[in-house]
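S.K.: requesting a structural model of the entry that follows:
(one chain, ligands or ions: 3)
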Amino acid sequence: MRFSSITLLPLLLTTTLTTATTPSKSQLANRSKKFSLGIVLFPGFEPLDVIGPFEILQSVSAYYPLSISFIASQTGPITSRSPPHVMVPGQPPVNLDHLIAVSLHATHTFATAPPLDILLIPGGMGNMVLVENNDTTIESFIQSRYKSLTHLLSVCTGSVSLARSGVLKNKRATTNKSFWNWVVQFGEGVKWVPSARWTHDGKIWTSSGVAAGMDMTYAFLSKVYGKEGVVDNVLNAIEYAPHTDPKWDPFSVVWDVPGADTKGSLKSCVKPVGF
Ligand SMILES: *[C@@H]1O[C@H](CO)[C@@H](O)[C@H](O)[C@H]1NC(C)=O
Ligand SMILES: *[C@@H]1O[C@H](CO)[C@@H](O)[C@H](O)[C@H]1NC(C)=O
Ligand SMILES: *[C@@H]1O[C@H](CO)[C@@H](O)[C@H](O)[C@H]1NC(C)=O
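M.R.: Residues are numbered from 1 along each chain as shown. Ligands and ions are numbered 1, 2, ... in the order given. Next up is the predicted model:
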């Protein structure tokens, strides 16, 4: 993957110079700044919430310096299989052992994580279990790091951790549309946006469910680095055409989210092939 993007780059750069927009001074400076990126893991994280954004970030790191820490309550393998989980309130927890799962390796604990510029919190069934268990470890970590972060991102129900930590007060945020009613009970003064592929408010970026995290990552990286050249080339190299309209959200209609924009265009709007 890295190598194919590297070999593609010189080729594509020559063809896109004419259409490129000029990056800002801040974007140019960010291209040589080494950002320290952290991704939180917990048992029952949603695989694509982590791997989708990571795929794009890994490819971008071939050109712009990034470091990565995977952070969890303990180091070592963290499974995407959720612990037993209450599906219906009042009923006993449902055992999810029959689900296939993948483990990712946590490199740091919340106590040993290095200084971070960018922190990404995924969602997944497991964060419903953390809530059931009154576990606020992730929320405490967010609170302790929030001031020193330049960017805080959540995918899917990861926004629950942001809401519970208090950082979403008076901020726009969105989440997994199939779990909307569960999510919006958390946090005070959160401006939940019913129809949004992703939201961006100050240093906080939140995406809708699962695959939407990749579209948010594309928008985020385009903002931080400028999109011409590397960011668009990486999307073409991994052959992913992201949705680029943050208001594009058919899933808010599919999942009957209260206040969803039923008149919004459900047309696909994709980039950057041929950008
Ligand atoms: C969010 O949405 C997807 C798709 O409906 C689902 O698979 C996932 O488990 C959801 N829930 C949570 C809590 O992340
Ligand atoms: C979590 O807190 C609630 C409210 O205080 C309590 O009713 C519940 O038993 C707690 N759950 C666990 C697993 O400790
Ligand atoms: C460049 O990175 C800094 C953090 O170092 C951030 O505050 C700034 O917003 C970034 N520039 C853009 C255009 O996003």
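S.K.: for D97, report the pLDDT, please.
M.R.: Confidence at D97, expressed as pLDDT, is 89.
S.K.: sec struct for it, please.
M.R.: When the structure is split into helix, strand and coil by DSSP: H, G, I helix; E, B strand; the rest coil, D97 lands in coil.
S.K.: and the residue of the stretch 1-150 of the chain closest to ligand 1?
M.R.: In the stretch 1-150 of the chain, the residue found nearest to ligand 1 is G123; the distance is 4.0 Å by Cβ to the nearest ligand atom. Just so you know, the C-beta spots here come from the backbone N, C-alpha and C atoms, and that holds for glycine as well.
S.K.: for that residue, phi and psi?
M.R.: When quoted as degrees, to the nearest 10, the phi and psi of G123 stand at phi -110, psi -160.
S.K.: out of everything not next to it in sequence, what's closest to K191?
M.R.: R172 (4.6 Å; Cβ to Cβ, 6 or more residues apart in numbering).
S.K.: before we move on, the earlier item: isn't the residue of the stretch 1-150 of the chain closest to ligand 1 right up against T157?
M.R.: Yes. Contact criterion Cβ atoms under 8 Å: G123 and T157 qualify, at 3.2 Å.
S.K.: shared neighbours, these two?
M.R.: When contacts are counted by Cβ atoms under 8 Å, 6 or more residues apart in numbering, G123 and T157 are jointly contacted by E46, T175, N176, G209.
S.K.: can you pull the residues of the protein lying near ligand 1?
M.R.: E46, G123, G124, M125, M128, C156, T157, N176, S178, F179, G209, V210 (Cβ under 6 Å from any ligand atom).
S.K.: identify the residues contacting the residue of the stretch 1-150 of the chain closest to ligand 1.
M.R.: Contacts of G123 by Cβ under 8 Å, 6+ apart are 45-46, 49, 154-160, 175-176, 209-210.
S.K.: tabulate the shared contacts of G123 and T157 (JSON lines), appending neighbour count, secondary structure and pLDDT.
M.R.: Formatted as JSON lines, the shared contacts of G123 and T157 follow (neighbours: other Cβ atoms under 10 Å; DSSP: H, G, I helix; E, B strand; the rest coil; pLDDT from 0 to 100):
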{"residue": "E46", "neighbour count": "24", "secondary structure": "coil", "pLDDT": "98"}
{"residue": "T175", "neighbour count": "33", "secondary structure": "coil", "pLDDT": "94"}
{"residue": "N176", "neighbour count": "25", "secondary structure": "coil", "pLDDT": "91"}
{"residue": "G209", "neighbour count": "23", "secondary structure": "coil", "pLDDT": "93"}
